[in-house]
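Trainee: Turn this into a structure:
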Amino acid sequence: MPLDTTQPLHVMMTVNAAWNIWNFRQPLLRALLDKGHRVTVLAPQDEAVPQLEAMGVRFRPLEMSAKGLNPLEGLRLHRAFTKAYRDEKPDIVFGFTIKNNLFGAMAARRCRVPFVPNVTGLGTAFLSGGLLQKVAEILYRHAFGPLQTVFFQNEDDRDLFLQRGLVRAEQTCVLPGSGIDLERFAPAPYPEDVAETRFLMIARLLRDKGVYEYVEAARTLQAEGAKVRFRILGATDAENRTAISRDEVAQWEAEGVIDYLGTAPDVRPHITSAHCVVLPSYREGAPRTLIEAAALARPLVATDVPGCRAVVEAGSSGFLCEARSSASLSQACRSFLALSQREKAEMGLAGRAKMEAEYDQTHVVAAYRQATETVLGRRF
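Mentor: Below you'll find the predicted structure:
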């Protein structure tokens, strides 16, 4: 039966944490709600739920673990998605994060519900090699094969999926991450104080984010007598096999090698007080912290890996270094320290210009409108 284009859509968004929708998908949410459409978020419950509900979003809890690709967990998730779709009867589902994309897409196929996934990152299982990677590839091929649109956050991830036959070229579309609100993240004056240079890393404290390389680079530069502070903002003890414990962070604090800032509902004050934002990650989808820092006109240091190199213009808006190499990261930080105050400020402004040209959140909303038209025959 053709979709009634006069009626509001019921759009479901599924992700592995409600805060992900609140932090990264608000432009899409607001675009849907402003047009009078109904939105249901299907995700594990957390502190972001009241904020989502205050916007007018309906929330349905989803029990799931973010760890691994356990077959029993996958079967249980498939059943949970199937029940949710049959109960809620959404017109279309937008998926984010690995398990929600995989098992959400498979259940949507069973229930004949249109599904549009967004590959926001590949995860440890996909990058680990061996059996886990093979299992992940089989799941992706099965889940994504019938879909009309699959969003990616960077060209590298899209090309990898194409090379391995997990998607077809005509299915794919590359987004500028989640986009950025260029008014909320307006360029901030560069710090004038030069008594010490403040580096800031914003990330969940996971090994794969390059935390150990960051700490070792801090040790190296401090031992060389550089007037620097290395700060970390992000959650410890995450539900991930590569998580770094709070006890280990406390040891680094006691050593004086880093300043741990905990977590913050608004990262802007921390970014604007920094001279340079660093992300030594092993691989990213579209690193939100680098995008936000660039929008605020802060220079960047990041690894030359998928995701990061899409955001950083090497030599213009920041420096790139080798992944898994504290020596390379140290050298990138030295290169930054060698710049004059004026050159550092100009590097930040170059990053802001790139965000204005490529990462405005309106591009993301427009892509979802087009995908909805492709799948349903109407835009939202």
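Trainee: now the stretch 151-300 of the chain, which segments are flagged as low pLDDT?
Mentor: Counting by pLDDT under 70, the low-confidence segments of the stretch 151-300 of the chain come to 237-239.
Trainee: Could you pull out the strands in it for me?
Mentor: Shown for the stretch 151-300 of the chain, the strands assigned by DSSP state E, counting those that start in this stretch span residues 172-174, 197-202, 228-233, 259-260, 276-279, 300-303.
Trainee: In CSV: those strands, plus mean neighbour count and distance to N23.
Mentor: Where C-beta positions appear, they are placed from N, C-alpha and C, glycine not excepted. Written out in CSV, the entries for the strands of the stretch 151-300 of the chain read as follows (neighbours: other C-beta atoms under 10 Å; distance: least, C-beta to C-beta, whole Å):
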stretch, mean neighbour count, distance to N23
strand 172-174, 18, 21
strand 197-202, 23, 12
strand 228-233, 20, 14
strand 259-260, 15, 21
strand 276-279, 29, 16
strand 300-303, 28, 20
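Trainee: Present those as a markdown table; the columns should include distance to T120.
Mentor: As requested, the strands of the stretch 151-300 of the chain are exported to a markdown table (distance: least, C-beta to C-beta, whole Å):
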| stretch | distance to T120 |
| --- | --- |
| strand 172-174 | 12 |
| strand 197-202 | 17 |
| strand 228-233 | 20 |
| strand 259-260 | 26 |
| strand 276-279 | 15 |
| strand 300-303 | 17 |
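Trainee: what's the closest of those strands to S317?
Mentor: Minimum separation from S317 across the strands of the stretch 151-300 of the chain (C-beta to C-beta) falls at strand 300-303, 6.1 Å.
Trainee: and that closest one, C-alpha only, in CSV?
Mentor: Output of strand 300-303 as CSV, limited to C-alpha atoms (Å, rounded to 0.1, in the frame of the first residue of the first chain):
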residue,chain,number,x,y,z
LEU,A,300,44.6,19.8,15.8
VAL,A,301,47.1,16.9,16.1
ALA,A,302,45.7,13.5,15.1
THR,A,303,46.8,10.2,13.6
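Trainee: neighbouring contacts of that strand?
Mentor: 199, 210, 276-282, 287, 290, 293-294, 308-309, 311-312, 317-323, 329, 332-333, 336, 351 (C-beta atoms under 8 Å, 6 or more residues apart in numbering).
Trainee: separation between L131 and S65?
Mentor: When distances are taken as C-beta to C-beta, to the nearest Å, L131 and S65 turn out to be 19 Å apart.
Trainee: Neighbour count: those two, which is higher?
Mentor: When neighbours are counted by other C-beta atoms under 10 Å, L131 and S65 differ, and S65 comes out ahead with 13 against 9.
Trainee: So the more buried one, which state does it fall into?
Mentor: When classified by DSSP: H, G, I helix; E, B strand; the rest coil, S65 comes out as coil.
Trainee: okay, the residue nearest to it when sequence neighbours are not counted: pLDDT?
Mentor: Spatial nearest neighbour of S65, chain neighbours left out: E73 (6.0 Å); criterion: C-beta to C-beta, 6 or more residues apart in numbering. Per-residue confidence for E73 comes out at a pLDDT of 82.
Trainee: Could you verify that E73 is part of a strand?
Mentor: No - in this structure, E73 is helix, not part of a strand, as judged by three-state DSSP.
Trainee: Is it in contact with R79, as I believe?
Mentor: No - applying C-beta atoms under 8 Å, one finds E73 not in contact with R79, separated by 10.9 Å.
Trainee: Settle it for me: which of these two has more neighbours?
Mentor: Comparing E73 with R79 by neighbour count (other C-beta under 10 Å), the higher total belongs to E73, at 15 against 12.
Trainee: where does F59 land in three-state SS?
Mentor: Classification of F59 into helix, strand or coil gives strand, according to three-state DSSP.
Trainee: got the residue ranges for the helices in the stretch 1-150 of the chain?
Mentor: Here the stretch 1-150 of the chain has its helices, by DSSP state H, counting those that start in this stretch, at 18-24, 26-34, 49-55, 71-88, 98-111, 123-127, 130-144.
Trainee: If you count contacts, what does the last one end up packed against?
Mentor: Right, helix 130-144. The contact analysis (3 or more C-beta pairs under 8 Å, 6 or more residues apart in numbering; DSSP states H and E) places helix 130-144 against helix 98-111, helix 123-127.
Trainee: what would those helices look like in CSV with distance to G234, mean neighbour count and mean pLDDT?
Mentor: Supplementary listing: the helices and strands packed on helix 130-144 in CSV, determined by distance: least, C-beta to C-beta, whole Å; neighbours: other C-beta atoms under 10 Å; pLDDT from 0 to 100:
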stretch, distance to G234, mean neighbour count, mean pLDDT
helix 98-111, 20, 23, 96
helix 123-127, 17, 20, 67
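Trainee: May I see those organised as JSON lines, with distance to I138 added?
Mentor: Written out in JSON lines, the entries for the helices and strands packed on helix 130-144 read as follows (distance: least, C-beta to C-beta, whole Å):
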{"stretch": "helix 98-111", "distance to I138": "10"}
{"stretch": "helix 123-127", "distance to I138": "11"}
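Trainee: how about the ones you listed, which one is nearest K89?
Mentor: Between K89 and these, the tightest spacing by C-beta to C-beta is seen for helix 98-111, at 9.1 Å.
Trainee: From the contact counts, what lies against that closest one?
Mentor: helix 71-88, strand 92-96, strand 115-119, helix 123-127, helix 130-144.
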